[in-house]
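J.: Below is the sequence, then the predicted model.
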Amino acid sequence: MKKLILTAAALALTAGTAFANDVVRMGTEGAYPPYNFINDKNEVDGFERELGDALCEKAGLTCEWVTNDWDSIIPNLLSGNYDTIIAGMSITDERQEVIDFTQNYYPPAASAYAAASADADLMGGVVAAQVGTIQADYVAKSGATLLEFDTLDDTVAAVKNGEADAVFADKDALAPFVTEGGDLVWSGDDVPLGGGIGIGLRKSDTELKEKFNAVISEMKADGSLNEMIVKWFGDEAATF
(Lines give C-alpha, C1' and ligand atoms only; values in the text may rest on other atoms or scores of the structure.)
Protein backbone atom coordinates (compact mmCIF):
# COMPACT_ATOMS: atom_id res chain seq x y z
CA MET A 1 0.00 0.00 0.00
CA LYS A 2 2.95 2.37 0.11
CA LYS A 3 3.02 4.45 -3.03
CA LEU A 4 6.37 5.11 -4.61
CA ILE A 5 6.80 8.31 -6.62
CA LEU A 6 8.73 7.23 -9.67
CA THR A 7 12.07 8.74 -10.55
CA ALA A 8 13.40 5.91 -12.70
CA ALA A 9 11.39 5.99 -15.90
CA ALA A 10 14.56 5.91 -17.94
CA LEU A 11 15.18 2.36 -16.74
CA ALA A 12 11.83 1.06 -18.00
CA LEU A 13 13.21 -0.72 -21.02
CA THR A 14 16.17 -2.36 -19.31
CA ALA A 15 16.19 -6.02 -18.38
CA GLY A 16 13.95 -8.45 -20.22
CA THR A 17 12.37 -11.59 -18.89
CA ALA A 18 14.81 -12.71 -16.22
CA PHE A 19 13.18 -15.61 -14.43
CA ALA A 20 14.46 -18.96 -15.62
CA ASN A 21 14.31 -22.61 -14.61
CA ASP A 22 11.07 -21.85 -12.74
CA VAL A 23 12.94 -19.82 -10.12
CA VAL A 24 11.43 -16.40 -9.38
CA ARG A 25 13.30 -13.83 -7.32
CA MET A 26 10.75 -12.05 -5.15
CA GLY A 27 11.83 -8.52 -4.24
CA THR A 28 10.57 -7.00 -0.99
CA GLU A 29 11.58 -4.35 1.54
CA GLY A 30 11.66 -6.42 4.70
CA ALA A 31 10.82 -3.39 6.84
CA TYR A 32 7.05 -2.89 6.62
CA PRO A 33 5.25 -5.21 9.05
CA PRO A 34 2.93 -6.98 8.88
CA TYR A 35 3.27 -6.91 5.09
CA ASN A 36 6.94 -7.86 5.16
CA PHE A 37 9.69 -7.86 7.77
CA ILE A 38 12.82 -9.70 8.85
CA ASN A 39 12.20 -12.17 11.68
CA ASP A 40 14.48 -13.38 14.47
CA LYS A 41 15.99 -15.97 12.13
CA ASN A 42 17.01 -13.16 9.75
CA GLU A 43 14.48 -14.38 7.19
CA VAL A 44 11.82 -12.51 5.24
CA ASP A 45 8.50 -12.99 7.01
CA GLY A 46 4.99 -11.55 7.03
CA PHE A 47 1.82 -11.57 4.98
CA GLU A 48 3.62 -11.15 1.67
CA ARG A 49 6.15 -13.89 2.41
CA GLU A 50 3.33 -16.35 3.12
CA LEU A 51 1.36 -15.19 0.10
CA GLY A 52 4.36 -15.19 -2.23
CA ASP A 53 5.35 -18.71 -1.24
CA ALA A 54 1.76 -19.90 -1.77
CA LEU A 55 1.57 -18.23 -5.19
CA CYS A 56 4.83 -19.81 -6.30
CA GLU A 57 3.84 -23.26 -5.04
CA LYS A 58 0.46 -23.16 -6.80
CA ALA A 59 2.06 -21.85 -10.00
CA GLY A 60 4.76 -24.54 -9.99
CA LEU A 61 7.53 -22.01 -9.35
CA THR A 62 10.30 -21.69 -6.75
CA CYS A 63 10.55 -18.43 -4.81
CA GLU A 64 13.86 -16.86 -3.84
CA TRP A 65 13.51 -13.82 -1.58
CA VAL A 66 15.56 -10.66 -2.08
CA THR A 67 15.40 -7.51 0.09
CA ASN A 68 15.91 -4.01 -1.22
CA ASP A 69 15.52 -0.49 0.19
CA TRP A 70 12.17 1.03 -0.68
CA ASP A 71 13.44 4.12 -2.46
CA SER A 72 15.25 2.07 -5.13
CA ILE A 73 12.90 -0.91 -5.33
CA ILE A 74 11.54 -0.14 -8.81
CA PRO A 75 14.89 0.73 -10.43
CA ASN A 76 16.37 -2.53 -9.18
CA LEU A 77 13.44 -4.51 -10.57
CA LEU A 78 14.00 -2.88 -13.94
CA SER A 79 17.74 -3.55 -13.85
CA GLY A 80 17.13 -7.27 -13.23
CA ASN A 81 18.13 -7.66 -9.58
CA TYR A 82 14.87 -9.57 -8.96
CA ASP A 83 11.76 -10.51 -10.93
CA THR A 84 8.89 -9.13 -8.86
CA ILE A 85 8.08 -6.49 -6.29
CA ILE A 86 5.86 -7.84 -3.52
CA ALA A 87 6.26 -5.10 -0.94
CA GLY A 88 2.98 -3.41 -0.06
CA MET A 89 3.06 -1.48 -3.34
CA SER A 90 -0.20 0.08 -4.46
CA ILE A 91 -1.22 -0.01 -8.09
CA THR A 92 -1.13 3.54 -9.47
CA ASP A 93 -1.31 5.06 -12.95
CA GLU A 94 2.09 6.65 -12.43
CA ARG A 95 3.76 3.35 -11.67
CA GLN A 96 2.03 1.64 -14.55
CA GLU A 97 3.84 3.96 -16.93
CA VAL A 98 7.05 2.16 -15.96
CA ILE A 99 6.17 -1.31 -14.67
CA ASP A 100 3.25 -3.72 -14.87
CA PHE A 101 1.14 -5.18 -12.06
CA THR A 102 -0.86 -8.30 -11.40
CA GLN A 103 -4.41 -7.86 -10.21
CA ASN A 104 -4.54 -6.68 -6.61
CA TYR A 105 -3.97 -9.20 -3.84
CA TYR A 106 -4.99 -6.72 -1.13
CA PRO A 107 -8.00 -4.40 -1.56
CA PRO A 108 -7.73 -0.61 -1.50
CA ALA A 109 -7.28 0.52 2.09
CA ALA A 110 -7.00 3.79 3.98
CA SER A 111 -4.04 5.95 4.86
CA ALA A 112 -4.20 7.69 8.22
CA TYR A 113 -2.55 10.19 10.54
CA ALA A 114 -1.13 9.23 13.93
CA ALA A 115 -0.03 11.90 16.39
CA ALA A 116 0.67 12.60 20.04
CA SER A 117 -2.77 14.20 20.32
CA ALA A 118 -6.01 13.83 18.38
CA ASP A 119 -6.11 17.56 17.60
CA ALA A 120 -2.67 17.76 15.94
CA ASP A 121 -2.27 20.38 13.21
CA LEU A 122 -2.36 18.11 10.17
CA MET A 123 -2.69 20.79 7.49
CA GLY A 124 -0.35 23.45 8.87
CA GLY A 125 2.10 21.58 11.05
CA VAL A 126 5.00 19.21 10.37
CA VAL A 127 3.98 15.76 9.11
CA ALA A 128 6.37 12.84 8.68
CA ALA A 129 6.05 10.31 5.85
CA GLN A 130 8.24 7.69 4.27
CA VAL A 131 10.33 8.99 1.40
CA GLY A 132 9.16 8.18 -2.13
CA THR A 133 5.54 7.47 -1.24
CA ILE A 134 2.30 8.99 -2.43
CA GLN A 135 1.54 9.59 1.23
CA ALA A 136 4.55 11.91 1.18
CA ASP A 137 3.26 13.52 -2.01
CA TYR A 138 -0.15 13.97 -0.42
CA VAL A 139 1.35 15.69 2.62
CA ALA A 140 3.44 17.99 0.43
CA LYS A 141 0.29 19.15 -1.37
CA SER A 142 -1.80 19.45 1.80
CA GLY A 143 -0.23 22.63 3.16
CA ALA A 144 1.67 20.85 5.92
CA THR A 145 5.45 20.83 6.11
CA LEU A 146 6.66 17.43 4.89
CA LEU A 147 9.44 15.68 6.81
CA GLU A 148 10.61 12.54 4.95
CA PHE A 149 12.41 9.51 6.38
CA ASP A 150 13.76 6.27 4.92
CA THR A 151 11.59 3.90 6.95
CA LEU A 152 8.21 3.80 8.67
CA ASP A 153 9.90 3.32 12.05
CA ASP A 154 11.79 6.57 11.52
CA THR A 155 8.59 8.49 10.76
CA VAL A 156 6.97 7.22 13.95
CA ALA A 157 10.08 8.07 15.97
CA ALA A 158 9.95 11.62 14.61
CA VAL A 159 6.53 12.12 16.17
CA LYS A 160 7.54 10.54 19.47
CA ASN A 161 10.63 12.73 19.80
CA GLY A 162 8.83 15.92 18.80
CA GLU A 163 10.35 16.46 15.36
CA ALA A 164 6.94 16.08 13.70
CA ASP A 165 3.36 16.77 14.75
CA ALA A 166 2.03 13.65 13.03
CA VAL A 167 2.93 10.74 10.78
CA PHE A 168 0.93 9.85 7.67
CA ALA A 169 1.09 6.28 6.36
CA ASP A 170 -0.98 3.20 5.59
CA LYS A 171 -3.40 2.74 8.46
CA ASP A 172 -2.73 -1.01 8.61
CA ALA A 173 0.98 -0.37 9.05
CA LEU A 174 0.46 2.36 11.67
CA ALA A 175 -2.06 0.37 13.72
CA PRO A 176 0.56 -1.45 15.87
CA PHE A 177 1.94 1.93 16.98
CA VAL A 178 -1.47 3.29 18.01
CA THR A 179 -2.31 1.34 21.15
CA GLU A 180 -4.37 2.14 24.21
CA GLY A 181 -2.22 4.05 26.68
CA GLY A 182 0.55 4.43 24.10
CA ASP A 183 2.35 7.48 22.75
CA LEU A 184 0.29 7.85 19.56
CA VAL A 185 -3.41 8.27 18.78
CA TRP A 186 -5.35 8.56 15.55
CA SER A 187 -5.82 12.12 14.35
CA GLY A 188 -8.13 13.47 11.65
CA ASP A 189 -9.97 11.42 9.07
CA ASP A 190 -8.76 8.41 7.11
CA VAL A 191 -7.69 9.22 3.55
CA PRO A 192 -8.36 6.70 0.75
CA LEU A 193 -5.36 6.40 -1.58
CA GLY A 194 -4.42 3.88 -4.25
CA GLY A 195 -6.16 1.03 -6.02
CA GLY A 196 -5.09 -1.92 -3.94
CA ILE A 197 -1.78 -3.77 -3.76
CA GLY A 198 -0.43 -5.85 -6.63
CA ILE A 199 2.77 -7.61 -7.59
CA GLY A 200 5.03 -5.35 -9.63
CA LEU A 201 6.72 -6.84 -12.70
CA ARG A 202 8.65 -5.71 -15.74
CA LYS A 203 6.32 -5.09 -18.67
CA SER A 204 8.08 -7.84 -20.62
CA ASP A 205 7.22 -10.55 -18.07
CA THR A 206 3.74 -11.27 -19.37
CA GLU A 207 3.93 -15.03 -18.79
CA LEU A 208 4.81 -14.58 -15.13
CA LYS A 209 2.01 -12.04 -14.73
CA GLU A 210 -0.51 -14.50 -16.21
CA LYS A 211 0.63 -17.29 -13.88
CA PHE A 212 0.31 -15.14 -10.78
CA ASN A 213 -3.02 -13.65 -11.89
CA ALA A 214 -4.47 -17.13 -12.31
CA VAL A 215 -3.46 -18.15 -8.79
CA ILE A 216 -4.61 -14.89 -7.20
CA SER A 217 -8.01 -15.38 -8.87
CA GLU A 218 -8.13 -18.95 -7.53
CA MET A 219 -7.29 -17.81 -4.00
CA LYS A 220 -9.92 -15.08 -4.11
CA ALA A 221 -12.54 -17.57 -5.29
CA ASP A 222 -11.82 -20.23 -2.66
CA GLY A 223 -11.52 -17.75 0.22
CA SER A 224 -7.93 -18.62 1.10
CA LEU A 225 -6.66 -15.12 0.30
CA ASN A 226 -9.20 -13.55 2.65
CA GLU A 227 -8.19 -16.02 5.37
CA MET A 228 -4.57 -15.00 4.96
CA ILE A 229 -5.44 -11.28 5.11
CA VAL A 230 -7.43 -11.75 8.33
CA LYS A 231 -4.62 -13.85 9.84
CA TRP A 232 -2.11 -11.03 9.41
CA PHE A 233 -4.30 -7.90 9.67
CA GLY A 234 -7.18 -8.92 11.92
CA ASP A 235 -10.92 -9.26 11.60
CA GLU A 236 -11.42 -5.60 10.69
CA ALA A 237 -9.14 -5.76 7.65
CA ALA A 238 -10.47 -5.06 4.18
CA THR A 239 -11.10 -8.31 2.30
CA PHE A 240 -12.37 -9.41 -1.10
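T.: Thanks, I have it.
J.: mind checking how far the longest helix anywhere in the chain is from the chain centre?
T.: When the chain is parsed with DSSP state H, its longest helix is helix 206-222. The chain centre lies 19 Å from the centre of helix 206-222; the measure is Cα atoms, centre = their mean, to the nearest Å.
J.: Heading C-terminal from it, find the next helix or strand.
T.: Moving toward the C-terminus from helix 206-222, the next helix or strand (DSSP states H and E) is helix 224-233.
J.: Mind giving me the packing neighbours of that next one?
T.: Applying 3 or more Cβ pairs under 8 Å, 6 or more residues apart in numbering; DSSP states H and E, we find helix 224-233 packed against helix 47-59, helix 206-222. Every C-beta, even on glycine, is put in place using the N, C-alpha and C of the backbone.
J.: which residues touch the lengthiest strand in the chain?
T.: The residue-count maximum for a strand in the chain (DSSP state E) belongs to strand 185-192. With Cβ atoms under 8 Å, 6 or more residues apart in numbering as the test, strand 185-192 has contacts from 108, 110-120, 122, 138, 166, 168, 171, 178.
J.: repeat that for 6 Å
T.: With Cβ atoms under 6 Å, 6 or more residues apart in numbering as the test, strand 185-192 has contacts from 110, 111, 112, 113, 115, 118, 120, 122, 166, 178.
J.: following that strand, which helix or strand shows up next?
T.: strand 200-201.
J.: still on that earlier bit, between the contacts of strand 185-192, which sits nearest residue 206?
T.: If you rank the contacts of strand 185-192 by distance to residue 206 using Cβ to Cβ, residue 111 comes first, at 31.2 Å.
J.: Check whether the closest one really touches residue 193, as I assumed.
T.: Yes. The criterion here is Cβ atoms under 6 Å, and residue 111 meets it with residue 193 at 4.9 Å.
J.: ok, those two, which is more surrounded?
T.: When neighbours are counted by other Cβ atoms under 10 Å, residue 111 and residue 193 differ, and residue 111 comes out ahead with 26 against 21.
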